[in-house]
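Q: The sequence and its predicted three-dimensional model are supplied below.
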Amino acid sequence: MTSINQNSFMKSLFFGQIREEFIFPYPHLPAETAESVKMVLDSIERFSKEQIKAAEWDEKGAMPKEMLAQMAELGILGIAVPEEFGGLGLPQSGYVRILASMAAIDGASAVTMGAHQSIGYKALLLFGAEEQKKKYLPRLAAGELIACYCLTEAGSGSDAASIKTSAKLSADGKHWILNGSKLWITNGGVATFATIFAKTEVEEKGVKKDKLTCFVVELPAEGFIPGPPEHKLGIRASWTNAITIENLKIPVENVVGGIGQGFKVAMGVLNHGRLGLAAGCIGGAKKAIEASVQHATERVQFKKRIGDFGQIQEKIARMMTKTYVAESMVYMTTSFIDRKDMDYSVESAIAKVYASEMLWEVMDENIQIWAGLGYMKEYPYERWLRDARINRIFEGTNEILRAFIALTGMQGPGQELAGLAEAIKYPLKGIGLVSDFAIRKVKQNVLGESMTKPHPALKKMAGMLEEYSVEFATQVEVLLRRHGKQIAEKQFAQKRIADIAIDLYGMACVLARVTDAIARNGGPEKTQLELAMAEAFFNRANRSIRGNFKAMDRNDDEAMKFIAAQAYERGGYPFDSPLDK
């Protein structure tokens, strides 16, 4: 399978192909939709000033349950639900824009809102049968039902396929009976609707297997038992509970997506959910930049504003640039979802990784700029930092997602190389495959990818993406030939490939967005800020990519493995202080 048949910008890039038609022009909401989003944002702003008490709720470790009803009154619990089912019917881009606004106000409120609709009933929305949607979506959109998403277990965090919760068909064939437990379920203590994943026995080609199945159930229900609220580092006001499941009966008509199809359903839900999370990171980062700029321009030390010192300027510029790149990635990727004909799985993971790490850096630097004041609880900044930390863990840890980015992206080239090997054995049968491969390699190595859509002011940056796309595809091929199937175990190499992919996607999204800005602003001379941020990002990405390419062959991987092995063997840091001898 070659990438020309794949509707994925990043999967194509793993072949060295830059699919400009996917990213140009940079996407925007239609005027009517944008106006609807603005009305919701205005309502949220008014509501937040009157109702959201973030610091007080954080101190208590809980928000009032009445908040859910108030969110429902605002209409923000069914943002992406089609109007025929009582929702606002906004596209994914509109939904995440609203979630970003809520995250800027209060991380715990955004998580509560997102857990309900980004993941809580998303399986129903994406994979549910028409009758299932008619039965539940209107009540979920209205806030009559509050949803939670029950996937994680004590022994299966990112490894969804290893869950232990089981579902067995009742003797009369009318119910599935579930037993097991779930961990860290957001909204678990207040939910009246649950999406639950459990193992069911299915038969494939005469062989019985345990495969994941997705169920939905209205609560309260006998056998669905929430534990006490968890005490957390951040997002303390959101509800997080363990769930015990004991002989929980779920009607057979409440299976979503088909028996044994739960893994596909879960991954589809998380691909959407990651973008809501990434958008929330953008909202939080913008708020922190505003706070940092305020202090940098007001605080005076040594008879100068601290913002006039180079090290503070560098921090502010870096915070601005990284937020701009993350935002460019997120709304590019949500536009892929809204097109409904794109594979956005790799792009979604990239946006989540980049945005969550960007937010942590921005929040950390905000405290550094505020210095001692930032560390005090009378200011909100330490809470913002605590709230931000979960994002690198939520919706798949960033370590797992880097492995996913690399391995999913390399799957297409790996299949082609396997097919090529087979074609060489039988040259007459495989002549088309061999010739296509040869032609593409000539184009890559001699001609390269020539982009035509970036503005001429971005020619040098576009050339960098063109050059690296070729080198990237070549390095992917080298790794696949070197390691074969063993690439799945080579996480040092996977991380480097993923980090290069993240930088390249950032480059592509920024090129498209700045090109659009130049056109809208009336020329490069009126787009100086965007051009400066693009240049700053490309320069830093260039150094990162070059370093990762070099480290493919010249690295300290074996030394790092040895050090880690010694730490495991010796139970931690094994050395006494040199002063103790």
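A: Received the coordinates, thanks.

Q: low pLDDT regions in the stretch 1-150 of the chain?
A: For the stretch 1-150 of the chain, the stretches with pLDDT under 70 are 1-5.

Q: Now do the strands in it.
A: 147-150 (DSSP state E, counting those that start in this stretch).

Q: Which stretches in it count as helices?
A: Taking DSSP state H, counting those that start in this stretch as the criterion, the stretch 1-150 of the chain carries its helices at 9-13, 20-23, 31-51, 54-60, 66-74, 92-105, 107-114, 122-127, 130-141.

Q: Which of the ones you listed sits closest to Ile487?
A: helix 9-13 (16.1 Å; Cβ to Cβ). Placement of C-beta: from N, CA and C, glycine included.

Q: Break the protein into its domains for me.
A: With domains defined by automatic domain parsing, the chain comprises 31-141, 147-260, 265-377, 400-566.

Q: Would you convert the ones you listed into CSV that also reports distance to Gln6 and mean neighbour count?
A: Conversion of those to CSV gives the following (distance: least, Cβ to Cβ, whole Å; neighbours: other Cβ atoms under 10 Å):
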stretch, distance to Gln6, mean neighbour count
domain 31-141, 20, 20
domain 147-260, 23, 19
domain 265-377, 6, 21
domain 400-566, 7, 17
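
Q: Tabulate those (CSV), appending distance to Phe394.
A: Formatted as CSV, those follow (distance: least, Cβ to Cβ, whole Å):
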stretch, distance to Phe394
domain 31-141, 8
domain 147-260, 9
domain 265-377, 6
domain 400-566, 11
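
Q: mean pLDDT lowest for which of the ones you listed?
A: Of all the domains of the chain, the minimum mean pLDDT falls on domain 400-566 (a mean of 88).

Q: what are the phi and psi values for Pro380?
A: phi -80, psi 0 (degrees, to the nearest 10).

Q: so how far is the helix or strand that contains Ile500 off the chain centroid?
A: According to DSSP states H and E, Ile500 maps onto helix 491-521. Taking Cα atoms, centre = their mean, to the nearest Å, one finds helix 491-521 lying 15 Å from the centre of the chain it belongs to.

Q: Please apply the same query to stretch 69-87.
A: 23 Å.

Q: In PDB, could you pull the C-alpha coordinates for it?
A: Extracted C-alpha coordinates of stretch 69-87, given in PDB (Å, rounded to 0.1, in the frame of the first residue of the first chain):
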ATOM      1  CA  ALA A  69     -26.900  21.800  35.600                       C
ATOM      2  CA  GLN A  70     -25.600  25.300  35.000                       C
ATOM      3  CA  MET A  71     -23.300  24.000  32.200                       C
ATOM      4  CA  ALA A  72     -26.400  22.200  30.700                       C
ATOM      5  CA  GLU A  73     -28.300  25.500  30.800                       C
ATOM      6  CA  LEU A  74     -25.500  27.100  28.800                       C
ATOM      7  CA  GLY A  75     -25.900  24.400  26.200                       C
ATOM      8  CA  ILE A  76     -22.200  23.400  26.400                       C
ATOM      9  CA  LEU A  77     -22.800  19.700  27.200                       C
ATOM     10  CA  GLY A  78     -23.900  18.800  23.700                       C
ATOM     11  CA  ILE A  79     -21.700  21.000  21.500                       C
ATOM     12  CA  ALA A  80     -20.900  18.500  18.800                       C
ATOM     13  CA  VAL A  81     -24.200  16.600  19.100                       C
ATOM     14  CA  PRO A  82     -26.300  17.000  15.900                       C
ATOM     15  CA  GLU A  83     -29.200  19.400  16.200                       C
ATOM     16  CA  GLU A  84     -31.700  16.600  15.400                       C
ATOM     17  CA  PHE A  85     -30.600  15.100  18.700                       C
ATOM     18  CA  GLY A  86     -30.800  18.300  20.700                       C
ATOM     19  CA  GLY A  87     -27.200  19.500  20.500                       C
END
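
Q: Just put the helices of the stretch 1-150 of the chain in TSV and tack on distance to Met451.
A: What follows is the helices of the stretch 1-150 of the chain, written out as TSV (distance: least, Cβ to Cβ, whole Å):
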stretch	distance to Met451
helix 9-13	12
helix 20-23	6
helix 31-51	28
helix 54-60	44
helix 66-74	43
helix 92-105	24
helix 107-114	35
helix 122-127	34
helix 130-141	42
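
Q: Minimum distance to Ala160: which of these has it?
A: Checking the helices of the stretch 1-150 of the chain against Ala160 by Cβ to Cβ gives helix 122-127 as the closest, at 12.9 Å.

Q: who touches that closest one?
A: The contact list for helix 122-127 (Cβ atoms under 8 Å, 6 or more residues apart in numbering) reads 80-81, 132-133, 136-137, 140, 149, 195, 214, 216, 256-257, 261, 265-266, 268-269, 272-273.

Q: Swap in 6 Å and give it another go.
A: With contacts defined as Cβ atoms under 6 Å, 6 or more residues apart in numbering, helix 122-127 is touched by Thr195, Cys214, Val216, Val256, Gly257, Val265, Gly268, Val269, His272.

Q: ok, of those, which one's closest to Cys281?
A: Nearest member of the contacts of helix 122-127 to Cys281, counting by Cβ to Cβ, is His272, at 15.6 Å.

Q: Show me where the stretch 151-300 of the chain has its helices.
A: 262-298.

Q: can you map out the strands along it?
A: 166-169, 175-186, 193-204, 207-218, 224-229, 240-251, 255-256, 300-301.

Q: Who are the packing partners of the third one?
A: Looking back up the chat, that one is strand 193-204. The contact analysis (3 or more Cβ pairs under 6 Å, 6 or more residues apart in numbering; DSSP states H and E) places strand 193-204 against strand 147-150, strand 166-169, strand 207-218.

Q: Just tell me which of those strands ends up closest to Gly94.
A: Among these, if distance is taken as Cβ to Cβ, the winner is strand 147-150, at 19.7 Å.

Q: sorry, back to before: out of the helices and strands packed on strand 193-204, which is closest to Met507?
A: Among those, if distance is taken as Cβ to Cβ, the winner is strand 147-150, at 33.4 Å.

Q: ok so, going back, now for the domains of the chain, which one comes closest to Ile390?
A: Using Cβ to Cβ, the domains of the chain put domain 147-260 closest to Ile390, at 5.7 Å.

Q: how long is the closest one from one end to the other?
A: 22 Å (Cα to Cα, to the nearest Å).

Q: what do you get for stretch 227-234?
A: Stretch 227-234 end-to-end distance (Cα to Cα) = 19 Å.

Q: Same check on stretch 369-381?
A: Stretch 369-381: ends 11 Å apart by Cα to Cα.

Q: ok, and what's touching it?
A: Ser292, His295, Ala296, Asn366, Ile367.

Q: Next up, the contacts around the fourth one.
A: In this case it means Asn366. Ala288, Ala291, Ser292, Tyr381.

Q: ok, now Cys150?
A: Lys182, Ile185, Ala194, Ile196, Ile243.

Q: Tell me what it is bridged to.
A: Ile196 (DSSP bridges).

Q: mind starting the numbering at 626 from now?
A: Okay, using 626 as the starting number, the last item reads as Cys775.

Q: what about it, distance to Gly686?
A: Cys775 is 22 Å from Gly686, where distance means Cβ to Cβ, to the nearest Å.

Q: and what of Ala1133?
A: For Ala1133 relative to Gly686 (Cβ to Cβ), the value is 42 Å.

Q: what do you get for Ala1123?
A: Ala1123 is 36 Å from Gly686, by Cβ to Cβ.

Q: Which neighbouring residues are in contact with the residue lying closest to Asp1124 once chain neighbours are set aside, exactly?
A: Nearest non-adjacent residue to Asp1124, counting by Cβ to Cβ, 6 or more residues apart in numbering: Asn1173, 5.6 Å away. Taking Cβ under 6 Å, 6+ apart, we find Asn1173 in contact with Arg1121, Asp1124, Ile1125.

Q: picking that back up, which of the strands of the stretch 776-925 of the chain sits closest to Val1101?
A: Taking those one by one with Cβ to Cβ, strand 832-843 is closest: 29.9 Å.
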